[in-house]
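> Structure for the following, please:
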Amino acid sequence: MKNQEEQLVVRWRFDAGRGSLVWQMMFTDTGDLIGQKRCATSRQSLFFGVEPLTGKVFCDDYLLMDQVQQSIPAGESWFTGIETTRGGLGYCYACQKYSPEHQGLWAVDFRRGRVVWSRTDIGFIANLGDEFLVYKTSLFGGFPERHFLFVDPLSGTEISKAALDSAQVHAIREAVVPEEVRQRITLPGFVMDGIAQERLDLERCEVPERSRSESLVYGDLMVVAVHEQSVSTGLWRSSLGVWRMDRLVYDDRMEEGVDKPCLNNFLIQSNHLYYVREREELVCVALS
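A predicted model of the protein is given here:
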């Protein structure tokens, strides 16, 4: 049952542009949302930045450039992404040619649209707060060999420490706080993998197709994405609903008439629900 007095409202919408796909998003320590959109027609991966509280777009269509040949886009303008955040900066990567392996690190101030520092000789491993664990690759006897080191996130300069072996690096990685925890993000999970209490909550809300649902619980709210496949066409429809107890307080269609379900396309951060609608629109809903 939907109660109009309790309905949640959209705070803002970000339009990535016709034919674009909202691909990735993260949150800086200073509270900004930074993300990446992919434009298949122009074969470009572009970055954007939005103020979560106001919806003000402070950066859009930012193309990461190669820092050696500065007139050439990094990663052939397509094979790039965001590794992590620190302070107000986003740390981007490019992929090695003919390989999905990440190479290089660009510290980008998206507020000012500039690269603070960049290094193409390192690959990112882990964000440890005041330092990043990275690696360099060199050839030894004709075979690639990795050397592990620490760099300052604000300058990219190396921090002098004893050399690390693979076992030590593995132990550090195991102890690292996951990005979603560090950024205070709540992610959904598949109900079929999930928790008995969530199954009971879905039954109470009469949500269909439990085996094709994603959900997350946030306080007294349950957010559910239901993915339904048409028997006649085989195409998918993905819809989003927010329930407070047994009352539906928000719903929307995420996508319909597509070959694959719209999976992993919503999250909660700092009392806001974010989801991707029709691939090219990012929607922010205030949860209080």
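
> average model confidence for stretch 188-195?
The pLDDT scores in stretch 188-195 average 69.

> Also stretch 154-167?
On average, stretch 154-167 scores 91.

> Go ahead and measure how far it is from the middle of the chain.
27 Å (CA atoms, centre = their mean, to the nearest Å).

> same check, this time on stretch 66-75
Worked out by CA atoms, centre = their mean, stretch 66-75 lies 24 Å from the chain centre.

> Now tell me what touches that stretch from outside.
Stretch 66-75 is contacted from outside by 44-45, 63-65, 80, 92, 94-95, 104, 106, 115, 118, 120, using CB atoms under 8 Å, 6 or more residues apart in numbering. Placement of C-beta: from N, CA and C, glycine included.

> Break down the chain into its helices, ranges please.
166-175, 179-182, 196-204 (DSSP state H).

> In the stretch 1-150 of the chain, where is pLDDT below threshold?
1-5, 139-142 (pLDDT under 70).

> my guess is Q7 meets V249, correct?
Yes. Counting by CB atoms under 8 Å, Q7 does reach V249; the two are 5.7 Å apart.

> Who has more neighbours out of those two?
V249 (20 against 13; other CB atoms under 10 Å).

> quick one on the thing from earlier: among the contacts of stretch 66-75, which one is most surrounded by other residues?
Neighbour max across those (other CB under 10 Å) = C92, 28 neighbours.

> any idea how far V181 is from the residue nearest to it when sequence neighbours are not counted?
Counting by CB to CB, 6 or more residues apart in numbering, the nearest residue to C92 once its immediate chain neighbours are dropped is W106, at 4.4 Å. Distance, W106 to V181, using CB to CB, to the nearest Å: 24 Å.

> ok, the nearest residue to I268 once chain neighbours are set aside - contacts?
In space, I268 comes closest to T186 once its chain neighbours are excluded; the distance is 4.3 Å by CB to CB, 6+ apart. Going by CB under 8 Å, 6+ apart, T186 touches 180, 216, 218, 267-269.

> And the furthest pair within these?
E180 and Y218 (13.5 Å; CB to CB).

> related to what we said a few turns ago, mean pLDDT lowest for which of the helices of the chain?
helix 196-204 (a mean of 64).

> gap between the residue lying closest to G31 once chain neighbours are set aside and D165?
Nearest-residue entry for G31: P52, 6.5 Å, with adjacent residues in sequence omitted and distances by CB to CB, 6+ apart. Noted for P52: a distance of 41 Å to D165, by CB to CB.

> who's more crowded, the two?
Neighbour totals were compared for P52 and D165, and P52 leads with 19 against 8 (other CB under 10 Å).

> Quick check on the more buried one: phi, psi?
Per-residue torsions, P52: phi -60, psi -30 (degrees, to the nearest 10).

> That one contacts I34, doesn't it?
No. P52 is beyond contact range of I34, at 10.7 Å (criterion: CB under 8 Å).

> Now do the shared contacts for these two.
With CB under 8 Å, 6+ apart, P52 and I34 have common neighbours F27.

> on that earlier part again, show the buried residues in the contacts of T186.
Buried members of the contacts of T186, counted by 16 or more other CB atoms under 10 Å: 216, 267-269.

> okay, who's weakest in these by pLDDT?
L216 (92).

> The residue nearest to G31 and N264: what is the separation?
20 Å.

> repeat for T80
20 Å.

> ok, for G49, nearest residue in space, not its chain neighbours?
C59 (3.7 Å).

> That neighbour and G113 touch, don't they?
Yes. The criterion here is CB under 8 Å, and C59 meets it with G113 at 6.0 Å.

> Compare the two (neighbour count), which wins?
C59 (20 against 13).

> list the contacts for that one?
34, 47-49, 110-111, 113 are the contacts of C59 under CB under 8 Å, 6+ apart.

> now V223
188, 215-217, 240-243, 266, 268, 273.

> Could you do V115 as well?
Contacts of V115 by CB under 8 Å, 6+ apart are 65, 67, 106-109.
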